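1. Okay, sequence plus prediction incoming.
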Amino acid sequence: MTGDLREHYRRDGVVVVRGALDPDALAELAAALDENLAEPGPWANDYTPPTGAGRFFGDYVNWQRIDGYGRIALTGALPKLAHGLIDGPVRFFHEHALVKEPGTNEITPWHHDEPYYCVDGAENVSLWVPLDPVPAPAGVRFVVGSHRWGRRFVPRMFADHTPYAAAEDGFELVSDIDRDSSEHEILSFDVAPGDVLAFHFRTVHSAPGTAGLTAWAPSSQLPLRRR
């Protein structure tokens with residue numbers, strides 16, 4: 001862990017760490033995901049409608065029953081990476097598996113993670129681990145510096161993007177980031193298996209559908225920025 005990565009994380013609210021996981025860890029995670037898909041947990045969702053193309057699947061809090069999730073989360077490179085980015089001891093919250101197959105139209109709505117969680121505090125990090133090469137046009141998009149806005153947004157349902165509740169005291173509805181994209185710096189990355197995206201619970205982010213995208217092989221190590 002370099003000081004530059006830590007500095008960039010604190011400034012932008014997101015950083016990519018290249019080659020953080022070795023092939024053995026990736027193989028264990030892939031096997032764990034296959035187990036999860038074969039036997040979804042009680043919180044699993046398929047966000048693609050029955051007549052839709054592709055598949056957008058999500059599930060979470062399975063690390064205690066799927067050994068691969070627990071081992072990778074609690075030992076090895078990921079906790080060391082988290083510890084290098086935040087101050088103080090690191091406590092694991094939960095894993096969240098997301099699968100968006102090629103040809104899927106569903107968009108992950110703009111949101112930040114904190115209001116979905118029963119945690120608070122400025123020292124935190126989410127680690128996003130791709131198991132396939134993901135080009136920037138299909139990957140997670142981040143609003144740079146949004147973790148420092150001092151704002152909290154009502155969480156939105158992934159199925160239809162509606163908010164879970166009306167705006168509450170201290171929380172507001174997410175604005176139309178795509179419509180107002182010229183007002184923000186939006187950052188995405190080409191990532192390959194082994195890379196890890198680290199981002200703050202309050203960093204606003206989304207992900208597009210995958211319909212119409214062509215296959216991509218890792219080549220560039222540079223982030224793609226769009227204003």
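-> Everything's here; your move. Numbering: from 1, shown residues only.
2. remind me which residues of the chain are low pLDDT?
-> Under the criterion pLDDT under 70, the flagged ranges of the chain are 1-2, 214-227.
3. So in it, which helix runs the longest?
-> Looking across the chain with DSSP state H, the single longest helix is helix 23-38.
4. what helices or strands is that one leaning on?
-> With contacts defined as 3 or more CB pairs under 8 Å, 6 or more residues apart in numbering; DSSP states H and E, helix 23-38 has these neighbours: helix 67-74, strand 96-100. (Each C-beta comes from the backbone N, C-alpha and C, glycine too.)
5. Let's have these in CSV, adding mean neighbour count.
-> Listed next are those as CSV, based on neighbours: other CB atoms under 10 Å:
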stretch, mean neighbour count
helix 67-74, 18
strand 96-100, 19
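6. Present those as JSON lines; the columns should include distance to residue 201.
-> Formatted as JSON lines, the helices and strands packed on helix 23-38 follow (distance: least, CB to CB, whole Å):
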{"stretch": "helix 67-74", "distance to residue 201": "16"}
{"stretch": "strand 96-100", "distance to residue 201": "12"}
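7. How much space separates the residue nearest in space to the middle of the chain from residue 210?
-> In the chain, the residue lying closest to the centroid (CA atoms, centre = their mean) is residue 128, at 4.7 Å. Separation of residue 128 from residue 210 (CB to CB, to the nearest Å) stands at 16 Å.
8. likewise residue 50?
-> Going from residue 50 to residue 210 by CB to CB gives 18 Å.
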